[in-house]
Every structure is written in structure tokens, then in C-alpha cells.
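Visitor: output the structure for:
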Amino acid sequence: MEKTNTKVFIIKKIWPLLVSAGGASVMILAFFIPSVQYQWDRYQSRLVIQQYVQMGDEFVKEENYDMAQKAFTKAYELSEEKRLDIEVKILSAKVNLIYQDTEWGSKPPEELEEVDFEFLLQLQKGPEHTHERASILTSYGIYLASLGKTKEAKNKIQEAIRLNAGEVLAYINLGNLLDQEGKKEQAGKAYRQAISIDTKNARAHYNLGLLLSEQDNLKEAEREFAKAIELDSNDTDAIIQYRLILRRIEDDKP
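Guide: Below is the predicted model of the structure:
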């Protein structure tokens, strides 16, 4: 009989403890379930943000900087404007809008300002960003040249070359500046330097072809235009110049 009473006593004591433990479990679950949901939502949000970033990177590869800027901006907004790396990508895409019009000295995009280049250069400080800074400085130089600030433009482009001797676009645009100043021989050297770094750069061959054409070096000009077309069969400028140079060669025949 005593044993029975003991068992009953123990059960009566344990039952409230079990109830308390159950209540605590409910409270713990109530605390963690929203946290799990929150973490899941953040994970999903990060996936979406990364998809926009990847989309922007693809647009950059295609040199579609307008769409790249829009994709990066969307990613930045979704990150609640806390991702500095995305902000850098937005600015990079924006300053590269300068390449939308390939004609030298053409009016820059209206939304582009000098401060955009300055901000981006500040964000890309440090030796690990040397190549990025060289690219930004090259774009900056093109922008300044389009505003008629030739001296400042040349300084930026030469600084880009000092940072990265392999910056092809810097040499091409240095050639453009020198040609604009009437320094034809130096311009030719700059274009040839660009070609020596990247033999497949159609724009370097095209610009050298124009320079040679102006100097009445028709045979060499023909070769450069032909090479530009070989590298970019859709380059209508090169096609037109190639046809013109062929006519000039034909007209010069005795």
C-alpha cells in the first residue's frame, strides 16, 4: 500500500513538471519559428539580390552599361542600400556609359557627371584596385575630352597608363588626344602600342587606319581597315573607310 501511495505521489509531482516543460517548449518554439522564417526570408532575398548582380555582370560583359546600371541599382535597393560592393558596380556601369557613343569627342551622357568618376576613384583606393582605377581614369579622360578639357583629359589618361601599362583603351584614347593636337607621329605610336598589347582590338586598327589615310599612307591604311573589319565585321565605319581607301588607291594608279 505504501508503494502504491509513493508511486501516486511521484506521478502527481512529475505531471506538473511535464506540463511546465511542455509550456516552455511552446514558448521556445514561439520564439524560434519567427526567427527561422526571418532567416529564410533573408536567404531568399540574398538569392534575388545576387541574381540581379549576376544579371548586371552579364550586361557589363555585353557592354550594355545602361541595363547593367539598372540591374545593379535594383540589387542595391533590395539590399536596403547597405551593399557597398553593389554601389561600386552601379557607379562603374554609370561611368562606362561614356563608351555608348564610339565617336571621339561626342557629347557625354547627360546623367554622367564628373563627381561620379571622383566618387568611384575614392571607392577603389588601394593597390588591389590598380587595374580598376586605370580603367576609371581612362573613362574619366574620355569624359573630360568630350567637354573640351584636353589638358585634364591627357593627365587622367597618362595616369591610367602609369597605373597599368596594359590599359589598351588608355593608349587608344591617348592617340586620339595627340591626333587632335596635331601630333600625328606620337598618335601613331600610341595606336601601335595599343595594338601590340591587344592585336585583336578592332578600334585600335581602325584609328590607326584613319591616321595613315590622312598621311596618304594608303596601302598601310588599307591593311589596318581590313584588319578592323576582320575583327569586327559589323563595324560600318571601318567598312566605309575601307571602300574609300580602295577607291583612292585605284584613282592613284597610272
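Visitor: show me where the stretch 1-150 of the chain has its strands.
Guide: Along the stretch 1-150 of the chain, no segments are classed as strands by DSSP state E, counting those that start in this stretch.
Visitor: could you point out which residue ranges in this protein have low pLDDT?
Guide: Within the chain, the stretches with pLDDT under 70 are 1-45, 81.
Visitor: could you redo the last one with a cut-off of 80?
Guide: Low-confidence segments of the chain, defined by pLDDT under 80: 1-52, 55, 60, 62-63, 71, 74-84, 100-102, 105, 253-254.
Visitor: do you know how far Arg162 is from Ala153?
Guide: 15 Å (CB to CB, to the nearest Å). In short, each C-beta sits where N, CA and C put it, glycine included.
Visitor: neighbour-wise, which of those two wins?
Guide: Neighbours were counted for Arg162 and for Ala153 using other CB atoms under 10 Å; Ala153 has more, 23 against 12.
Visitor: how near is the more buried one to Trp104?
Guide: Counting by CB to CB, the gap from Ala153 to Trp104 is 11 Å.
Visitor: residues that sit against both of those two, list them.
Guide: Ala145 (CB atoms under 8 Å, 6 or more residues apart in numbering).
Visitor: need the contact list for Asp116.
Guide: 91, 94-95.
Visitor: so where do the helices sit in this structure?
Guide: Counting by DSSP state H, the chain has these helices, from start to end: 2-61, 65-78, 84-95, 114-123, 130-146, 150-163, 168-180, 184-197, 202-214, 218-231, 236-252.
Visitor: out of these, flag the one nearest Pro108.
Guide: helix 130-146 (4.7 Å; CB to CB).
Visitor: may I see the buried residues of stretch 175-193?
Guide: Applying a neighbour-count criterion of 16 or more other CB atoms under 10 Å, one finds 175-179, 187-188, 190-191, 193 buried in stretch 175-193.
Visitor: TSV for the residues you listed, including distance to His205?
Guide: Compiled in TSV, the buried residues of stretch 175-193 are given as follows (distance: CB to CB, whole Å):
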residue	distance to His205
Gly175	12
Asn176	14
Leu177	18
Leu178	17
Asp179	15
Ala187	14
Gly188	12
Ala190	13
Tyr191	8
Gln193	13
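Visitor: now distance to Pro108 too, for the helices of the chain, in a markdown table please.
Guide: Below are the helices of the chain laid out as a markdown table (distance: least, CB to CB, whole Å):
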| stretch | distance to Pro108 |
| --- | --- |
| helix 2-61 | 19 |
| helix 65-78 | 13 |
| helix 84-95 | 10 |
| helix 114-123 | 10 |
| helix 130-146 | 5 |
| helix 150-163 | 12 |
| helix 168-180 | 14 |
| helix 184-197 | 22 |
| helix 202-214 | 18 |
| helix 218-231 | 25 |
| helix 236-252 | 20 |
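Visitor: ok, and the closest non-adjacent residue to Leu208?
Guide: Tyr191 (4.0 Å; CB to CB, 6 or more residues apart in numbering).
Visitor: list the buried residues in stretch 78-94.
Guide: 78-79, 83, 86-94.
Visitor: cool, stretch 194-211 as well?
Guide: Using 16+ other CB under 10 Å as the test for burial, stretch 194-211 gives 194-195, 197, 201-211.
Visitor: how far away is the residue nearest to Leu208 from Asp198?
Guide: 12 Å.
Visitor: who touches both of those two?
Guide: Shared contacts of Tyr191 and Asp198 (CB under 8 Å, 6+ apart): Ala204.
Visitor: is it true that Leu177 touches Asn155?
Guide: No - when contacts are counted by CB atoms under 8 Å, Leu177 is not listed as touching Asn155 (10.4 Å).
Visitor: any common contacting residues for those two?
Guide: Gly141.
Visitor: roughly how far does Gly56 sit from Gly188?
Guide: As judged by CB to CB, Gly56 and Gly188 stand 38 Å apart.
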